[in-house]
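[1] got a predicted structure here, sequence first:
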Amino acid sequence: MEQRFYPKRCTSSLAETIASIEQVLTEILVRVPAKPLVRFKCVSKHWLSLIFDPKFCHRHTLQNPNPPVSAVFCDKSNRIFCFIPIDFDHLRGACSTSINTSNHEIQNPSPSSSPPFNPLKFAQNQHHADIKIIQSCNGLFLCRLLYSPKQAPPYFIFNPTTNQFSTLIPPATGEGVQPCVISIALAFDPSKSPHYKVVCLRTIDGSIDGTNHIVIYSSETQSWRILDSTFKRVSFIHYSRVLYWNGAINWCGMYNDVAYFHVDEERDGYVRLPPHLYDRLNESIKYIYFLESSDGHHLHLIDIFRHSLTKFEVLEMGKDYSGWFVKYVVDLDPICRRLTPSERYVVLFIDQDKNEEEESSYLLLHTPGKLISYNLKCGTYKSFELTPKAGVKNHLLRVEPSNFPYMESLASV
């Protein structure tokens with residue numbers, strides 16, 4: 001008589017069904033943007049475990065490469081409202097049409113009376129102190145305590161999307177010697193690895209003019225490593241003005257020169273300003289914007305000169321560090337004519353829309369109460385009223401020239 005094992009077959013079928021449902025759920029969730037996905041963690045403990053699993057987080061990042069900038073933060077947490085939300089569905093949609101600069105359109109969102117939320121207050125419980133952002137890098141912030149001695153530890157890697165942070169303290173240089181940190185920078189490229197590195201440039205003996213060396217922290221090993229070779233600092237380079245681009249930590253100088261340190265190859269380099277741009281050095285500069293494009297593929301420099309606040313050039317660095325060249329010429333006269341004498345504008349970032357041609361490159365500006373998207377190809381623009389917030393004065397800037405773009409990410413810290 002033939003034997004049949006129906007219970008076993010049913011159990012196997014049930015296991016396969018559960019596995020299939022799990023796979024379908026993962027395939028759905030991995031396509032959901034990071035911010036709403038974090039809210040889904042409240043659905044169940046199982047969803048919470050899945051969403052914050054490091055392997056899922058990394059796959060989600062690879063599935064959603066180069067997310068758009070979703071906010072721009074000021075550099076300090078002690079402001080009532082420390083960031084500007086960005087809605088690219090409106091910005092890109094508006095700029096894809098031709099808008100006459102003398103008759104531009106203003107979009108008005110519905111007002112909100114909700115109290116301001118400040119995600120940079122993450123260290124209040126532990127340190128009872130405000131935070132200063134040092135750098136923004138692909139969804140993560142490198143921060144320090146606002147009122148600590150300049151560049152002194154502890155440092156924080158903070159993900160505003162998940163509200164998670166880790167604390168870093170570089171190793172001591174010797175017994176009783178407090179190292180003098182010249183610069184600290186975050187290197188994170190989620191398209192290559194779910195792990196990040198922190199590069200710390202400091203003096204060995206603790207003095208500001210001492211011998212320099214580099215120590216590197218790896219989130220993969222959770223340890224610091226001191227490089228054998230010393231690092232030669234370049235005069236007039238501002239080592240507090242730092243960006244991660246092209247696999248390297250980049251610092252911008254007083255005279256538009258650039259020093260860089262390639263993180264994986266552990267080598268340094270230096271790029272001078274091209275001779276045909278030397279005339280710029282004789283002019284008085286009011287603001288210097290050292291920017292990475294929103295897609296992470298371009299390094300830009302903008303000098304705003306005192307004698308010409310509304311007309312300037314956007315420089316771009318060659319991918320091979322061949323030097324700066326003029327990429328765009330900007331004329332903001334049509335915009336600035338509408339501002340009162342007491343008002344001014346702030347440059348936020350350059351948006352490169354990869355879904356369209358090169359003419360879809362936009363300069364994002366902020367004036368009191370407004371966001372302005374300026375088409376760098378044709379010079380047209382459109383402005384958007386910012387949603388009023390409780391306690392925030394709309395006639396003042398919400399962020400200053402020292403600001404940091406932020407994109408949503410599930411990256412682990």
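    Good, I have the coordinates. Numbers count the residues shown, from 1 in each chain.
[2] what kind of secondary structure is S409 in?
    coil (DSSP: H, G, I helix; E, B strand; the rest coil).
[3] and it, how far is that from F231?
    Using C-beta to C-beta, to the nearest Å, S409 is found at 30 Å from F231. Backbone N, C-alpha and C define where each C-beta goes, glycine included.
[4] most centrally placed residue in this structure?
    With distances taken as C-alpha atoms, centre = their mean, the residue of the chain nearest its centroid is S136 (3.3 Å).
[5] now the closest residue in space to it that isn't next to it in sequence: which helix or strand?
    For S136, ignoring the flanking residues on the chain, the nearest one in space by C-beta to C-beta, 6 or more residues apart in numbering is F404 at 3.9 Å. Counting by DSSP states H and E, the element that carries F404 is strand 403-407.
[6] can you pull out the residues in contact with that strand?
    Identification of contacts with strand 403-407 by C-beta atoms under 8 Å, 6 or more residues apart in numbering yields 67-75, 83, 133, 135-136, 138-139, 141, 160, 294, 346, 348-349.
[7] with only the CA atoms kept, save it in CSV.
    The C-alpha coordinates for strand 403-407 follow below in CSV (Å, rounded to 0.1, in the frame of the first residue of the first chain):
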residue,chain,number,x,y,z
ASN,A,403,24.8,75.3,4.7
PHE,A,404,24.7,71.6,4.0
PRO,A,405,22.5,69.7,1.6
TYR,A,406,20.9,66.4,2.9
MET,A,407,19.5,63.4,1.1
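[8] any idea of the mean pLDDT for it?
    Averaged across strand 403-407, pLDDT comes to 92.
[9] can you give me the helices for the stretch 201-350 of the chain?
    Using DSSP state H, counting those that start in this stretch, the helices of the stretch 201-350 of the chain run over 333-336.
[10] rewinding a little: correct me, but the residue nearest to the centre of the chain touches F73?
    Yes: if you go by C-beta atoms under 8 Å, S136 and F73 touch, sitting 7.5 Å apart.
[11] so how far is L186 from A71?
    Applying C-beta to C-beta, the value for A71 to L186 is 18 Å.
[12] then G379?
    35 Å.
[13] before we move on, what about Q63?
    Distance of Q63 to L186, computed by C-beta to C-beta: 23 Å.
[14] between these two, which one's more packed in?
    L186 (25 against 12; other C-beta atoms under 10 Å).
[15] from memory the more buried one sits against N159, does it?
    No: under the criterion of C-beta under 8 Å, L186 is not in contact with N159, lying 11.6 Å apart.
[16] quick check: neighbours shared by those two?
    L140.
[17] what ranges does the stretch 51-200 of the chain have for its strands?
    69-74, 83-85, 106-107, 131-137, 140-145, 155-159, 164-168, 180-187, 197-203 (DSSP state E, counting those that start in this stretch).
[18] quick one: closest of those to K370.
    strand 106-107 (7.9 Å; C-beta to C-beta).
[19] show me what the residue nearest to the centre of the chain is bridged to.
    F141 (DSSP bridges).
[20] show me what contacts it?
    73, 142, 404-406.
[21] same check on K319?
    Here K319 is in contact with N246 (C-beta under 8 Å, 6+ apart).
[22] ok, now how distant is it from L376?
    Note on K319: its distance to L376, by C-beta to C-beta, is 19 Å.
[23] equivalent analysis for S191, please.
    From S191 to L376 the distance is 25 Å (C-beta to C-beta).
[24] tell me which of these two has more neighbours.
    Neighbour count, other C-beta under 10 Å: between S191 and L376, L376 has more, with 20 against 10.
[25] look up which residues are beta-bridged to the nearest residue to V69 once chain neighbours are set aside.
    Leaving aside its chain neighbours, V69 sits nearest to P405 (4.4 Å; criterion: C-beta to C-beta, 6+ apart). For P405, the beta-bridge partners are V72 (DSSP bridges).
[26] what's the burial count for P405?
    Neighbours around P405, by other C-beta under 10 Å: 22.
[27] again, but for the one 4 residues further on
    Residue neighbour count, defined by other C-beta under 10 Å, stands at 23 for S409.
[28] that one and C57, how far apart?
    Using C-beta to C-beta, one gets 8 Å for the distance from S409 to C57.
[29] likewise P275?
    47 Å.
[30] got it, and L410?
    Taking C-beta to C-beta, one finds L410 at 4 Å from C57.
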